[in-house]
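Student: the following comprises the amino acid sequence and a computationally predicted model.
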Amino acid sequence: MQYTEIMVRYGELSTKGKNRRNFIDRLGHNVRQSLHQFKNLEIKAQRDRMHIKLNGEDAQAVMDRLSQVFGIQNFSPSIRVERDIEAVKEMATKMVAEYYEPGMTFKINTRRSDHNYAYDTNEMNDMLGGHILETVPGIKVKMKNPDLLLRVEVRLNGIYLSFGKIDGAGGLPVGTAGKGMLMLSGGIDSPVAGYMAMKRGVEIEMVHFFSPPYTSEKALNKAKELTAKLTPYAGSIQFLEVPFTEIQETIKENVPEGYLMTIQRRFMLRLSVALAEKRNALAIFNGEALGQVASQTLESMVAINDVTTMPVLRPVLSLDKNEIIDIAKKIDTFELSIMPFEDCCTIFAPPAPKTRPKLDKARHYESRLDVEGLMERALAGVKVTRVQVNDEFLNEKKDEFAGLL
Ligand code: ATP
Ligand code: MG
C-alpha cells in the first residue's frame, strides 16, 4: 500500500490550556529534527493534529522514528484521495480487500473537518459500507469491535483513508519542561533515568565523570555511545565530560576508606550543580534506586545531597532492578551498559563503603580538602560534545581490525 501521509495525534497536550501552542511548536520542531534524514517530507503541526506528507518517503522507516518522539499519542498512515466519492469508494474497497481474511467484520468511521462537503458522515458511512459489502464477498458489518476499522476523514484538500492507530511514545515533547543535567555513568540505571526524564518533557544534558589513566578511552566512549542511543528521543544531546582523576586521588589519600564513596559523590553532585547553573539547567537527574547499593540508602542520600539545594531527581528510585532492566532493553541501552569497561567509581570503590554514613563526619573529612581548588580545576577541563542521532563512538569492527594488524 502506497501511503501518502502519516496523521499524528497529540498526547497530553490538550490539557495544557494556553501553553498548547508552545507544546505543538516544540513537538513540530522535535519531529523535524528526528526525521531530518527524510528530505522530502512536509511536516505541518496544526492545532489538533500533525500531518506528515510523505512525498514518496518510506512510510515504515518514518513511522519507526516517529514512534520514539515523546508527546505523540498515536498515529495512522493514510492515503489521500480526491474529493470524488467514486474514487473514495474504490480506494476504500481496495484497502479493505487487502487486509480481508474470510470471516472478518468491518466498520467505516467517517469524520468531517470540512462540513460543506456534499455528503454528511452517515451518508458517507452508508455509501462506502454498501460498496464494500457488494464488492468483498462474505464480509460483514459489525459496529462494536470490528476486525477492520477504516477511518475516513473529509478535509478541504482531499479525503484521507486510514486503518488502525499505532501507539506513539506518549509523554510530553522534550524541551517543554525545561532543562536538567543527567549524571550519566556507564551503568544500566542512569540511561534509563535519562529516558524517563525526557519522557516527561525534560531536555537533558549528560554529565560524565572519568578518571584517566585509571579508566580507559573505551569507558568514555561507552558513555557517549549510550548518549547516542538516547538521541532519537531528543534530536541531539550535549555530552559533558568532566575530568575526575585529581579529585579521586586526593580523596583516596586524605579520607578514611568508609567515606571515600560519600565524599566522591558529594564532589560529583557539586560539579553537576555548577555545570547546571552555568548552562541554565534547573535540576539534576541521576540513576539512583533505593537500596540497590551502599551509596543508595536514604542516609547516604542525606550525606550527599547536603551540598546543594538544587532538586536532585531520581526517576528510577522505586523500581526493582528487573524493572529497570526491562526498560533498558526496550530502549536498547542494556547490551551496551553491561559491556565490562571499568568506570571511575568501580576503580576507587572501597571494599566496604558505609551504608549509613553520618552527615557531620562527611563534612568533617571533606573539610581537610581544598574543595574550591579541586572544583575549579575539574571545571576548567570540561569538554562538551554534541551527540546526534546515528553517531557512533565504539566501533568494534575497527578495533578488531586494528588488533589484526
Ligand atoms: P548506574 O547503572 O547508573 O551506573 P549504579 O546502580 O551502578 O547506577 P552507582 O554506580 O552507585 O549506581 O551510581 C549511582 C548514580 O550516580 C548513577 O546512576 C549516576 O547517575 C551517578 N554516577 C555514577 N558514576 C558516574 C559517573 N562516572 N559519571 C556520572 N555520573 C555517575
Ligand atoms: Mg554505576
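Tutor: That came through, no problem. Ligands and ions are numbered 1, 2, ... in the order given.
Student: for ligand 1, what's the nearest residue on the stretch 1-150 of the chain?
Tutor: Going by Cβ to the nearest ligand atom, ligand 1 is nearest to Phe70 of the stretch 1-150 of the chain, at 20.8 Å. In short, each C-beta sits where N, CA and C put it, glycine included.
Student: tell me who's in contact with the residue lying closest to that residue once chain neighbours are set aside.
Tutor: Leaving aside its chain neighbours, Phe70 sits nearest to Gly171 (3.7 Å; criterion: Cβ to Cβ, 6 or more residues apart in numbering). Gly171 makes contact with Gly11, Glu12, Phe70, Gly71, Met198, Lys199, Arg200, Gly201, according to Cβ atoms under 8 Å, 6 or more residues apart in numbering.
Student: what's the neighbour count on Glu299?
Tutor: 14 (other Cβ atoms under 10 Å).
Student: contact partners for the one residue in the stretch 1-150 of the chain that gets nearest to ligand 2?
Tutor: Nearest residue of the stretch 1-150 of the chain to ligand 2: Gln68, at 25.1 Å (Cβ to the ion). By Cβ under 8 Å, 6+ apart, the contact set of Gln68 is Ser34, Ala169, Pro232, Tyr233.
Student: check Ser185 too.
Tutor: Applying Cβ under 8 Å, 6+ apart, the residues contacting Ser185 are His208, Ala223, Gly287, Asp343, Cys345.
Student: give me the three-state assignment for the first one.
Tutor: Following DSSP: H, G, I helix; E, B strand; the rest coil, we place His208 in the strand state.
Student: before we move on, what about the third one?
Tutor: Using three-state DSSP as the criterion, the local structure at Gly287 reads coil.
Student: quick one: is stretch 368-387 near ligand 1?
Tutor: No: counting by Cβ under 6 Å from any ligand atom, ligand 1 has no neighbours in stretch 368-387; the shortest distance is 12.1 Å.
Student: count the residues that sit near the closest residue in space to Ser318 that isn't next to it in sequence.
Tutor: When the adjacent residues along the chain are set aside, Ser318 lies closest to Leu290, with 6.3 Å between them (Cβ to Cβ, 6+ apart). Other residues lying near Leu290 total 13 when counted by other Cβ under 10 Å.
Student: and Asn55, by the same measure?
Tutor: Quick note: Asn55 (other Cβ under 10 Å) scores 12 neighbours.
Student: which SSE is it in?
Tutor: If you go by DSSP states H and E, Asn55 is not part of any helix or strand.
Student: which single residue of the stretch 51-200 of the chain ends up nearest ligand 1?
Tutor: Gly187 (2.1 Å).
Student: any idea how far that residue is from Pro340?
Tutor: 12 Å (Cβ to Cβ, to the nearest Å).
Student: pick out whichever of the two has more residues nearby.
Tutor: Between Gly187 and Pro340, counted using other Cβ under 10 Å, the more crowded position is Gly187 (19 against 9).
Student: quick check: the more buried one is in a strand.
Tutor: No: counting by three-state DSSP, Gly187 falls outside a strand, being coil.
Student: hang on, it packs against Phe341?
Tutor: No: contact criterion Cβ atoms under 8 Å: Gly187 and Phe341 do not qualify, at 10.8 Å.
Student: what does the protein put close to ligand 1?
Tutor: Checking the chain against ligand 1 by Cβ under 6 Å from any ligand atom, the hits are 183-185, 187-190, 207-209, 268, 286-288, 292-293, 295, 343-345.
Student: swap in 5 Å and give it another go.
Tutor: The chain comes close to ligand 1 at residues 183, 185, 187-190, 208-209, 286-287, 295, 343-345, as judged by Cβ under 5 Å from any ligand atom.
Student: how about a markdown table for those, with pLDDT added?
Tutor: Formatted as a markdown table, the residues of the chain next to ligand 1 follow (pLDDT from 0 to 100):
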| residue | pLDDT |
| --- | --- |
| Met183 | 98 |
| Ser185 | 95 |
| Gly187 | 94 |
| Ile188 | 97 |
| Asp189 | 97 |
| Ser190 | 98 |
| His208 | 98 |
| Phe209 | 97 |
| Asn286 | 98 |
| Gly287 | 97 |
| Ser295 | 70 |
| Asp343 | 75 |
| Cys344 | 71 |
| Cys345 | 69 |
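Student: is any residue of stretch 210-228 near ligand 2?
Tutor: No: for a cut-off given as Cβ under 5 Å from the ion, stretch 210-228 has no contacts with ligand 2; the smallest distance is 10.8 Å.
Student: buried residues in that stretch, which are they?
Tutor: Neighbour counts using 16 or more other Cβ atoms under 10 Å place 210-211, 214-215, 218-228 of stretch 210-228 among the buried residues.
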